[in-house]
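Engineer: Dropping the sequence and predicted coords here.
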Amino acid sequence: MTAHADRLLLGPGPSNPYPEATEALGRPVLGHLDPDYLCLMSDIAEDLRSVFGTRNELTLPVSGTGSAAMEACLASLLQPGERAIVGVNGYFGERLCEVATRGGAEVVRVEAPWGRALDPADLLAAQRANPDARLLAVVAAETSTGVRNDVAALAPLSETDTLLLVDAVTALGGTELRVDEWKIDACYSASQKCLGAPPGLAPVTLSPRAVDVMRARTTPVRSFYLDLGLLHEYYLAPSHRYHHTASSTMAYALHAGLRVLLEEGHELVWSRHASVGARLQNALTKRGFGLLAEEGHRLPQLTATLLPEGLDEAPLRRALLDRYGIEVGGGLGEFAGRAWRIGMMGHAARERSVLALLAAVDEVLAEA
Ligand SMILES: Cc1ncc(COP(=O)(O)O)c(C=O)c1O
């Protein structure tokens, strides 16, 4: 083991933070009720509103990773016995089902094969068949397969009593996402992918109607730590009621990452991811690699690729790490052992990442 390994992080996350975010980690620690810290959290909330494309007041980073934000949304919006419709076309759709079920919800699954996008018509039909469903959840960017699900087409849910919950862990900051325009009621992400900060904070936003649902609960949120109502009172309400010892270090880093993203501008950041992802995908197919996601629904920031027939992926992936310090991820589910998941996210979404990876892949393949 190297004491301070320095990797090019081209897996499904974390990605390399922006240098400004790494630098911010060295600032002096602040108390979690320090006025300067609370002011920083208010600035972060405003930047997150911009990145999410929302005016939602309840917009904050949960302490933890993307899974904490997923649990916070499901635990805060669902009461035991309530119904949740979940779109499942990959590993993270499955996780949504698992977390909702553990929370006591009754889950209605709407499926598509891994590698294919969910059909919005199927999801809307499931809501019509279950009009009492409290929420309908989908993953915008399925990190297990590199599929982009069509979230904008689910806007008609706003005319029903069912909330639209969107997992944007891999999507946010990498591809277009517009919370207010697409009528999303609850959306969450994570600091370590396209937002360009280290893992440790997980942004969440709730629409006013989702906040009303949360406030109208007749049972308390089972998780104290992930109760979005309590987190709102701590971070955003004038009382700033103590909830937990939140990390100013992580807040500085997330804030720095968001600043870089917003200074570059949403559209330019999305187009940077789009052109880098397209370049990688073209180069891989020319080398005989397959693309797992169906055409028209491929994410640029996450490419799940099938290795050419007869190649054993794990030793090749290990060689990329050991010899070149480049991390890529292995396949999940039925694609384990046959696929790689390559992220070009945030600061790592650059032409130079593609060139470095391809040069290293060519060398390890030449010896395979
Ligand atoms: C789409 C999606 N949802 C949820 C998660 C869980 O996030 P974390 O690993 O940060 O807890 C991930 C992680 O990769 C993800 O890609």
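Structural biologist: Received the coordinates, thanks. Numbers count the residues shown, from 1 in each chain.
Engineer: pLDDT score assigned to the closest residue to residue 331 other than its chain neighbours?
Structural biologist: With CB to CB, 6 or more residues apart in numbering as the criterion, residue 331 has its nearest non-adjacent residue at 3.0 Å, and that residue is residue 339. Heads up, the C-betas are built off the backbone N, CA and C, glycines and all. pLDDT recorded at residue 339 is 97.
Engineer: swap in residue 4?
Structural biologist: 79.
Engineer: which SSE is it in?
Structural biologist: Per DSSP states H and E, residue 4 falls between elements, in no helix or strand.
Engineer: Could you point out which residue ranges in the protein have low pLDDT?
Structural biologist: Applying pLDDT under 70 to the chain picks out residues 1-3.
Engineer: So which residues of it form helices?
Structural biologist: Taking DSSP state H as the criterion, the chain contains helices spanning 19-24, 35-52, 66-77, 91-102, 120-129, 208-215, 228-235, 248-264, 266-286, 313-324, 351-367.
Engineer: any idea which of these is most buried?
Structural biologist: For the helices of the chain, the largest average neighbour count (mean count of other CB atoms under 10 Å) is found in helix 66-77, namely a mean of 25.
Engineer: Give me the contacts around that helix.
Structural biologist: Taking CB atoms under 8 Å, 6 or more residues apart in numbering as the criterion, the residues outside helix 66-77 that touch it are 62, 84, 95-96, 99-100, 103, 105, 134-135, 137, 163, 165, 167, 169, 186, 188-190, 202-204, 206, 210, 213-214, 221-223, 226-229, 231.
Engineer: got it, and stretch 270-289?
Structural biologist: When contacts are taken as CB under 8 Å, 6+ apart, the neighbours of stretch 270-289 outside the stretch itself are 174-176, 194, 264, 291, 298-301, 303, 305-308, 342, 344-345, 349-351, 353-354, 357-358, 361-362, 365.
Engineer: just checking: which of these also lie near the ligand?
Structural biologist: Contacts with the ligand within those, counted by CB under 6 Å from any ligand atom: none were found.
Engineer: what does this protein have sitting close to the ligand?
Structural biologist: For the chain, the residues in contact with the ligand under the definition CB under 6 Å from any ligand atom are 12-13, 65-67, 70, 92, 139, 143, 167, 169-170, 190.
Engineer: Tell me the one of the residues you listed nearest residue 45?
Structural biologist: The shortest separation between residue 45 and any of the residues of the chain next to the ligand is 16.4 Å, and it belongs to residue 190 (by CB to CB).
Engineer: neighbours of the closest one, just the number please.
Structural biologist: By the criterion of other CB atoms under 10 Å, residue 190 has 29 neighbours.
Engineer: my read: it touches residue 169, true?
Structural biologist: Yes - judged on CB atoms under 8 Å, residue 190 makes contact with residue 169 at a distance of 4.8 Å.
Engineer: Mind listing the shared neighbours of the two?
Structural biologist: Contact criterion CB under 8 Å, 6+ apart; residues bridging residue 190 and residue 169 by contacting each: 13, 66, 69, 202.
Engineer: Now distance to residue 31 too, for these, in a markdown table please.
Structural biologist: Supplementary listing: these in a markdown table, determined by distance: CB to CB, whole Å:
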| residue | distance to residue 31 |
| --- | --- |
| 13 | 30 |
| 66 | 27 |
| 69 | 24 |
| 202 | 22 |
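Engineer: Pick the one among these closest to the ligand.
Structural biologist: The ligand has its nearest neighbour among these in residue 66, at 2.5 Å by CB to the nearest ligand atom.
Engineer: can you tell me the residue of the stretch 251-368 of the chain closest to the ligand?
Structural biologist: As assessed by CB to the nearest ligand atom, the ligand sits closest to residue 302 within the stretch 251-368 of the chain, at 8.0 Å.
Engineer: Isn't that residue up against residue 349?
Structural biologist: No - between residue 302 and residue 349 there is no contact, the gap being 10.6 Å when judged by CB under 8 Å.
Engineer: now the residues of the chain next to the ligand as JSON lines including distance to residue 56?
Structural biologist: As requested, those are exported to JSON lines (distance: CB to CB, whole Å):
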{"residue": "12", "distance to residue 56": "27"}
{"residue": "13", "distance to residue 56": "24"}
{"residue": "65", "distance to residue 56": "21"}
{"residue": "66", "distance to residue 56": "19"}
{"residue": "67", "distance to residue 56": "22"}
{"residue": "70", "distance to residue 56": "18"}
{"residue": "92", "distance to residue 56": "23"}
{"residue": "139", "distance to residue 56": "20"}
{"residue": "143", "distance to residue 56": "24"}
{"residue": "167", "distance to residue 56": "17"}
{"residue": "169", "distance to residue 56": "18"}
{"residue": "170", "distance to residue 56": "21"}
{"residue": "190", "distance to residue 56": "18"}
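Engineer: Smallest gap between the stretch 151-300 of the chain and the ligand, at which residue?
Structural biologist: With CB to the nearest ligand atom as the measure, residue 169 is the residue of the stretch 151-300 of the chain nearest to the ligand, at 3.6 Å.
Engineer: Contact partners for that residue?
Structural biologist: The contact partners of residue 169, by CB under 8 Å, 6+ apart, come to 13, 66, 69-70, 92, 139, 141, 143, 188-190, 193, 202.
Engineer: For it, which non-adjacent residue is spatially closest?
Structural biologist: Excluding its sequence neighbours, the residue lying closest to residue 169 (CB to CB, 6+ apart) is residue 66, at 3.9 Å.
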